[in-house]
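Engineer: Show me how the following folds:
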Amino acid sequence: MYIVTDVAPYPDGPAGVHGVLPQAATALAELALLESLEPRAAPVGAIAAEALGAGGVLALFTIGETPWSPSQRAAISDGVRSGRLGILGVHAATDACRAWDDYGRLLGARFDGHPWTATFDIDVVDRDHPSTRHLGSVWQWHDEVYLFADLRPDARVLLRVAEGQLDMSVPGARVPACGLPLAWSFAEGEGRVFYSSLGHFPGAWETPGYLRHLQGGLRWVLGTEP
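Structural biologist: Down below sits the predicted model:
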């Protein structure tokens with residue numbers, strides 16, 4: 001499993017806002033090992049397009065114009081649609097690669113702002129998914145709350161912000177057409193994609209329930225869930 005995080009800021013990627021990135025990379029590597037995968041944390045430039053095309057899982061916690069080359073982009077798109085490559089997207093991964101049109105489809109939506117940082121209740125919309133089976137019907141959480149544009153209509157929404165949890169008087173507060181989803185999964189061609197917007201703060205990566213959420217997402221991407 002290739003783990004790509006903007007640990008070293010790229011020219012157009014404000015990775016400094018995510019001091020949790022080294023912690024996230026370590027946790028994702030441990031989850032990969034639990035699923036009998038070989039974790040490889042690497043900057044984009046160190047990953048050969050041929051390796052991406054060979055398949056596996058691409059775990060992304062990125063932001064800004066992550067510098068994928070044209071050959072890497074083609075390998076990722078083709079790898080996912082052919083079923084050789086799965087994607088596990090975390091938090092700011094939807095706020096990356098604006099200049100790559102296909103990227104939004106591969107992640108399921110585009111980040112469109114985050115007016116809130118709050119403690120709020122999450123509605124566990126779908127409890128029949130490996131990323132949510134360990135949760136109750138409501139999950140209290142503290143995080144940034146993202147807004148999304150162009151959520152895929154075929155996205156299987158797993159988590160949403162519960163009604164009445166957010167201060168709608170703050171600047172930029174609104175409810176997009178897709179509502180306030182927090183995690184989803186979908187098939188793209190023969191491949192699988194899982195995304196969770198949670199994980200901005202260090203406490204997330206020290207919380208067993210959150211790590212089980214990501215582990216279940218990884219299992220769904222791999223197709224190894226019970």
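
Engineer: Next, work out how far apart residue 4 and residue 57 are.
Structural biologist: 11 Å (C-beta to C-beta, to the nearest Å). Glycine gets a C-beta too; all of them are placed from N, C-alpha and C.

Engineer: Do I have it right that residue 199 meets residue 211?
Structural biologist: No. The criterion here is C-beta atoms under 8 Å, and residue 199 misses it with residue 211 at 10.0 Å.

Engineer: any common contacting residues for those two?
Structural biologist: residue 205 (C-beta atoms under 8 Å, 6 or more residues apart in numbering).

Engineer: Am I right that residue 123 is in contact with residue 164?
Structural biologist: No. Between residue 123 and residue 164 there is no contact, the gap being 11.1 Å when judged by C-beta under 8 Å.

Engineer: who's more crowded, those two?
Structural biologist: residue 123 (18 against 8; other C-beta atoms under 10 Å).

Engineer: How is that one assigned, secondary-structure-wise?
Structural biologist: Here residue 123 is recorded as strand under DSSP: H, G, I helix; E, B strand; the rest coil.

Engineer: Tell me what it is bridged to.
Structural biologist: On the basis of DSSP bridges, residue 123 is bridged to residue 138, residue 160.

Engineer: Any idea how many residues pack against residue 108?
Structural biologist: Neighbour tally, residue 108, other C-beta under 10 Å: 27.

Engineer: quick one: it and residue 186 touch, right?
Structural biologist: Yes. When contacts are counted by C-beta under 8 Å, residue 108 is listed as touching residue 186 (5.9 Å).

Engineer: Between these two, which contacts overlap?
Structural biologist: With C-beta under 8 Å, 6+ apart as the test, residue 108 and residue 186 both reach 152, 155, 193.

Engineer: Need phi/psi at the residue of the chain positioned farthest from its centre.
Structural biologist: Relative to the C-alpha centroid of the chain, counting by C-alpha atoms, centre = their mean, residue 169 is the outermost residue, at 27.8 Å. With angles defined as degrees, to the nearest 10, residue 169 sits at phi -90, psi -10.

Engineer: What pLDDT does the model give it?
Structural biologist: Residue 169 carries a pLDDT score of 97 in this model.

Engineer: what's it in contact with, if anything?
Structural biologist: Residue 169 neighbours (C-beta under 8 Å, 6+ apart): none.

Engineer: now it: how far from residue 116?
Structural biologist: 11 Å.

Engineer: Also residue 88?
Structural biologist: On the measure of C-beta to C-beta, residue 88 and residue 116 end up 25 Å apart.

Engineer: Please say which of these two ends up with more neighbours.
Structural biologist: residue 88 (27 against 20).

Engineer: Quick check: the more buried one touching residue 194?
Structural biologist: Yes. Assessed by C-beta under 8 Å, residue 88 is found in contact with residue 194 at 5.5 Å.
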